[in-house]
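Peer 1: Sequence first, predicted model second:
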Number of protein chains: 2
Amino acid sequence: MTSTDWLATHRDRLDGALAAIRSRGYFSAFPESPSPRVYGETAAADGKAAFEQHLGQEYVLATPGANGSVVTEQSPFGIELNVEYPRTTESGLDELLAAAQAGLTDWRKAGIDGRTGVTLEILDRLHQRVFELANAVHHTSGQAFVMAFQAGGAHALDRALEAVAYAYEEMSRYPAEALWEKPAKGDPIRMTKNFTVTGRGVALVIGCNTFPTWNSWPGLFASLVTGNAVVVKPHPLAVLPLAITVDVCREVLAEAGLDPNLVTLVAERPDDGLAKPLAQRPEVKLIDFTGGSEFGEWLEQNATQATVFTEKAGVNAVIVDSTDSFKALCNNLAFTLSLYSGQMCTTTQNLFVPAGGIATDDGHKSFEEVGAGIATSIGKLLGDDARAVEILGGIVNQAVVNRLELAAEYGDVVLPSRAITHPAYDDAVVRTPLLVAIDAKDEGVYAKECFGPVSFLVRTADTKESIELFGRTVAEGGAMTAGIYSTDEGVLELARDTALDVGVALSENLTGQVFVNQSAAFSDFHGTGANPAANATYTDGAYVASRFRVIQSRRHA
Amino acid sequence: MTSTDWLATHRDRLDGALAAIRSRGYFSAFPESPSPRVYGETAAADGKAAFEQHLGQEYVLATPGANGSVVTEQSPFGIELNVEYPRTTESGLDELLAAAQAGLTDWRKAGIDGRTGVTLEILDRLHQRVFELANAVHHTSGQAFVMAFQAGGAHALDRALEAVAYAYEEMSRYPAEALWEKPAKGDPIRMTKNFTVTGRGVALVIGCNTFPTWNSWPGLFASLVTGNAVVVKPHPLAVLPLAITVDVCREVLAEAGLDPNLVTLVAERPDDGLAKPLAQRPEVKLIDFTGGSEFGEWLEQNATQATVFTEKAGVNAVIVDSTDSFKALCNNLAFTLSLYSGQMCTTTQNLFVPAGGIATDDGHKSFEEVGAGIATSIGKLLGDDARAVEILGGIVNQAVVNRLELAAEYGDVVLPSRAITHPAYDDAVVRTPLLVAIDAKDEGVYAKECFGPVSFLVRTADTKESIELFGRTVAEGGAMTAGIYSTDEGVLELARDTALDVGVALSENLTGQVFVNQSAAFSDFHGTGANPAANATYTDGAYVASRFRVIQSRRHA
């Protein structure tokens, strides 16, 4: 098989993705159900076994310039991982980056079709290992298994394919060759011109702890398919999902006769501090980062030799004004606050509710009754421990536990957080969401991110103030998501205008099986790039267009 | 007329541009010939009269926050300009930027079609004033009149239209509305989604002295049509062309019922130092800059709250290896070196020629004979003063004269620079190109930009070294253009690969009426964004995609 054969093999999948990004209707190329009816009877067990093969072992990956090894992961479910990876330190960067660049010319010469074929084949092979990846994501991020399969596997593959489709379409906007014929006295002047897509150089992807694949793959594959080499630096607590990813990339590149060092993994000890010197290397022209605002802003301000794509922190908000389905509102929000213990960058932190309460289909509900309604729904959703852990997953790291313990002091506890003993893992750290009522004037508390299972019920004078506070907190602190519940078209209009002004996507009156914290690949944009929470979106033209350049040559025809 | 009516009026022009950016074949929407047969018998005289009406007068433009006035321009042809503009200083920026932002919501609501209609109407009215603009460019940049008409008028309008076409196509990639229908047990889940293009905020355009319109319009109109407000800061020596531009923008915006402060002019005294504080204001989200590398790099490194597009300096190169048209080679290069006294960011600075000479259709030519051949062609081209000034134009400012005077010391003068008395303007500063032979080892001299009518004939060991030096100087110093003359397909291939590696466009064997320093709108990219001379190109997807964001809202269908 050659790389362009692979494009032919996966052409239908690419065409489906291309059609979807134009319509932004529903599309999925990778089934989200881990059911044996979809994936086969042995897929789950085989994937689990493949995952377990890694435990306590050295992960054999050739990283140029690496020296020694690291073991840094800890499962939120308490099992021993002890996977060993090659360690990269600052002294290895010269060798690493020279090796990353060595294959760039051949990668350019593979052309748009060749690179797209290779990248689609990589996605296909990752899909073949989706259960292994799901286990790896499950045990590093703390996502419950089904969520890890979906968000960390199938949906992550869809997002990666979406990024590849945008990049393919973007590269294909330019003809490979053009005839330029300018009218002149006598014969026209004729020139032949060639246009070649070239990568920018080395791309750096900095992964996060909570979504090691979902948040890394779009940037990784967008950079790769556009002709760059990619250095992947995982979070020290979530290395395995990206080690498998890099392994698959290198395998496919080598099969295509290309340099496997076009994709490398750099693992480090948490105190090695590799990200900053790596991010400022002149060879690094693209950086994709997901994580805290402090380091994201540092990258934006200091890695100025590169184009930097960041997804940072925000203060996601839902405005509660009125509803014709109070029970459904409570149930919908309960799921949002509970899923993955609120550890999504999209989880709602602030619920703005008028002090005087809201009109509902079940009569007027006071501020306290709104809080009680949501608390009751959470209680029911998580009442059974065995079911609860499949929604909550585990707490990703100790910092989240610490933050949660402090947060009860910030106001009146509407619903306390509860520790749950995981039926399968004795050492798992599992917590239910904390809901705290707080006054509008306490902006100092709720206007900054409190990452984890903590949400604030903010008591406002009225919906007008709710919308104002929503606008101000998002403009200043950023947000990945926002929602509103209202039966009043005027209120919805004002919320839409405010959301557009401050640059955040708005979900209106979600009462069914769609949640404000979830975005569907190919249809919903993730982040906007228009507020401080992120400077880019997954995925659009701006996400891919700067990852390559078009270089021409011309001559008389 | 409303803004969408204007889109209908100019629809054919837009469609032509859209087709051209896809094929990148020949297209022009604005005739480049200033002939009365094209523009009418009185157009030239009327335009000159309109230009002269400005002289010695206050240019009436409302710039919010302005205080007092400035008179800063000096014609390279020595005539008195004395046009007075409102002066903006740092203390006026709060008022300026508040006013710039005031119209943003209405501008967003005008929609893609409305904004495109307004922008196309602005271009059309600028075209109606093209002779006035040409005179303004002529007398501020020093370009000869026909060049000012073309590069500063018709071609600048084409580049602006190209940018608008890319932006329109980019914005149109996203549907305004989508139905998302996900299969589920029972009824599918249905969501209605809306997608709204929103500008980033305030865009800043920093103009240059040599090409006040050509280099400013693409960024200005790309930012405007994508929903941003634009603050235009002209070079203090070239204000009038951009004052007319801003005037026309404001006139059309007001007619459309939009806030004219969406486009403002900020003029300053040369020592006011307004650009730095303005560029770092948090409201400023986009910056387009043309000018020196030092300030361009400062912007890239310090205005990190904005997306920055820069066109800076470079060391443009031509490799001379062999030719089957020696005379045409010499004539072609002579025109390139002479046009606008070599004051184009695209003028060739370094001509790499083997010490042993080259093979030509006219027999072997030694290194000295190559230099003599080019010098002879320049001599013939500029032998008649009256004709010469129509190619050379005037020297744009005293710094160029100073640089030219020093450059004769750098090596052996092959062709001295000559001062010419302009037949029409006694005080005009006119100089012919200086050609200096220099050894390959003197990289310290020729590897940095020597802006103005100075070119180096670099004596290399052989073409292999020429290509190596070309690659290294461009990789390190950047280049807007590069060329090669060779009859050897292997040499051409090596030059092409090297040009791709270092990210510069390559012109091969130009011997007719196409010149390495000229790029044709809609077909040739200007700059690449892939080497230090510029971080963007005119114009491609990357040039427009980051100028707006797409914000969605969604609800159950």
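Peer 2: Nice, I can see it. Every value quoted in this text rests on a predicted model; they were computed, and no experiment measured them. Numbering: from 1, shown residues only, chains lettered A, B, ... in the order given.

Peer 1: Next, give phi and psi for residue A:235.
Peer 2: Phi and psi for residue A:235, reported as degrees, to the nearest 10, are phi -70, psi 140.

Peer 1: where does it land on pLDDT?
Peer 2: The confidence metric pLDDT takes the value 98 at residue A:235.

Peer 1: mind giving me the domain split of chain A?
Peer 2: The record's domain parsing of chain A by automatic domain parsing lists A:3-268, A:317-508.

Peer 1: Redo those domains as JSON lines? Include mean neighbour count and distance to residue B:443.
Peer 2: For glycine as for every other residue, the C-beta is placed from the backbone atoms N, C-alpha and C. Below are those laid out as JSON lines (neighbours: other CB atoms under 10 Å in any protein chain shown; distance: least, CB to CB, whole Å):
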{"stretch": "domain A:3-268", "mean neighbour count": "21", "distance to residue B:443": "23"}
{"stretch": "domain A:317-508", "mean neighbour count": "20", "distance to residue B:443": "47"}
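
Peer 1: could you dump those to a markdown table with distance to residue B:422?
Peer 2: Output for the domains of chain A, formatted as a markdown table (distance: least, CB to CB, whole Å):
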| stretch | distance to residue B:422 |
| --- | --- |
| domain A:3-268 | 29 |
| domain A:317-508 | 54 |
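
Peer 1: Out of those, flag the one nearest residue B:459.
Peer 2: Distance to residue B:459, taken as CB to CB, is lowest for domain A:3-268 among the domains of chain A, at 29.3 Å.

Peer 1: could I get the domains of chain A as TSV with distance to chain B?
Peer 2: Output for these, formatted as TSV (distance: least, CB to the nearest CB, whole Å):
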stretch	distance to chain B
domain A:3-268	4
domain A:317-508	4
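
Peer 1: closest one to residue B:482 among these?
Peer 2: Nearest of those (CB to CB): domain A:3-268, 14.1 Å.

Peer 1: Ends of that closest one, what's the gap?
Peer 2: This stretch, domain A:3-268, spans 32 Å end to end (CA to CA, to the nearest Å).

Peer 1: Then stretch A:150-157?
Peer 2: Termini of stretch A:150-157 sit 9 Å apart (CA to CA).

Peer 1: residues in contact with it?
Peer 2: A:28-32, A:34, A:123, A:126-127, A:130-131, A:133-134, A:136-138, A:141, A:143, A:211-214, A:217, A:241, A:521 (CB atoms under 8 Å, 6 or more residues apart in numbering or on different chains).

Peer 1: Next: stretch A:2-21.
Peer 2: A:1, A:26-27, A:29, A:110, A:113-118, A:120-121, A:123-124, A:161-162, A:164-166, A:168-169, A:256, A:258, A:522-523, B:173.

Peer 1: thinking again about what came up before, do you know which of the domains of chain A lies nearest residue B:498?
Peer 2: domain A:3-268 (10.4 Å).

Peer 1: what about the closest one, distance to the chain center?
Peer 2: Put simply, domain A:3-268 sits 14 Å off its chain's centre (CA atoms, centre = their mean, to the nearest Å).

Peer 1: rewinding a little: residue B:385 is nearest to which of the domains of chain A?
Peer 2: Proximity to residue B:385 (CB to CB) singles out domain A:3-268 among the domains of chain A, at 26.4 Å.

Peer 1: quick one, phi/psi of residue A:420?
Peer 2: phi -120, psi 140.

Peer 1: Identify the residues contacting the closest residue to it other than its chain neighbours.
Peer 2: Leaving aside its sequence neighbours, residue A:420 sits nearest to residue A:430 (CB to CB, 6 or more residues apart in numbering or on different chains; 4.1 Å). With contact set as CB under 8 Å, 6+ apart, residue A:430 has these partners: A:341, A:388, A:389, A:392, A:393, A:394, A:395, A:419, A:420, A:421, A:422.

Peer 1: Looking at the domains of chain A, which is nearest to residue B:298?
Peer 2: domain A:3-268 (21.7 Å).

Peer 1: Next, name the residue at the spatial heart of chain A.
Peer 2: Taking CA atoms, centre = their mean, the centroid of chain A lies closest to residue A:215, which sits 2.7 Å from it.

Peer 1: In CSV, list the contacts of residue A:430 along with distance to residue A:513, pLDDT and secondary structure.
Peer 2: Rendered in CSV, the data for these read as follows (distance: CB to CB, whole Å; pLDDT from 0 to 100; DSSP: H, G, I helix; E, B strand; the rest coil):
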residue, distance to residue A:513, pLDDT, secondary structure
A:341, 20, 97, helix
A:388, 19, 97, helix
A:389, 21, 97, helix
A:392, 19, 97, helix
A:393, 19, 97, coil
A:394, 24, 96, coil
A:395, 26, 95, coil
A:419, 29, 96, strand
A:420, 24, 96, strand
A:421, 29, 95, coil
A:422, 26, 95, coil
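
Peer 1: Save the residues you listed as CSV, and put in distance to residue B:485 too.
Peer 2: Formatted as CSV, the contacts of residue A:430 follow (distance: CB to CB, whole Å):
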residue, distance to residue B:485
A:341, 67
A:388, 75
A:389, 73
A:392, 70
A:393, 66
A:394, 67
A:395, 68
A:419, 77
A:420, 76
A:421, 79
A:422, 74
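
Peer 1: For chain A, give me the ranges with low pLDDT.
Peer 2: Across chain A, the ranges flagged by pLDDT under 70 are A:1.

Peer 1: who's sitting farthest from the centroid in it?
Peer 2: In chain A, the residue that sits farthest from the middle, by CA atoms, centre = their mean, is residue A:186; the gap is 58.9 Å.

Peer 1: does it count as helix, strand or coil?
Peer 2: Put simply, residue A:186 is coil when judged by DSSP: H, G, I helix; E, B strand; the rest coil.

Peer 1: do residue A:272 as well
Peer 2: Here residue A:272 is coil, with the state taken from three-state DSSP.

Peer 1: for chain A, which strand is longest?
Peer 2: strand A:189-199 (DSSP state E).

Peer 1: Mind telling me what element the nearest residue to residue A:29 once chain neighbours are set aside is part of?
Peer 2: Distances taken as CB to CB, 6+ apart place residue A:13 nearest to residue A:29, at 5.1 Å, with adjacent residues excluded. Assigned by DSSP states H and E, residue A:13 belongs to helix A:11-23.

Peer 1: okay but residue A:146 is in contact with residue A:390, surely?
Peer 2: Yes: taking CB atoms under 8 Å as the definition, residue A:146 is a contact partner of residue A:390 at 6.6 Å.

Peer 1: got a list of what residue A:220 touches?
Peer 2: Taking CB under 8 Å, 6+ apart as the test, what residue A:220 contacts is A:160, A:203, A:205, A:230, A:232, A:245, A:263, A:288.

Peer 1: tell me the SS of it?
Peer 2: Of the three states, residue A:220 takes helix under three-state DSSP.

Peer 1: same thing with residue A:370?
Peer 2: Per three-state DSSP, residue A:370 ends up helix.

Peer 1: Check the gap between it and residue A:221 for me.
Peer 2: To residue A:221, residue A:370 is 43 Å away according to CB to CB, to the nearest Å.
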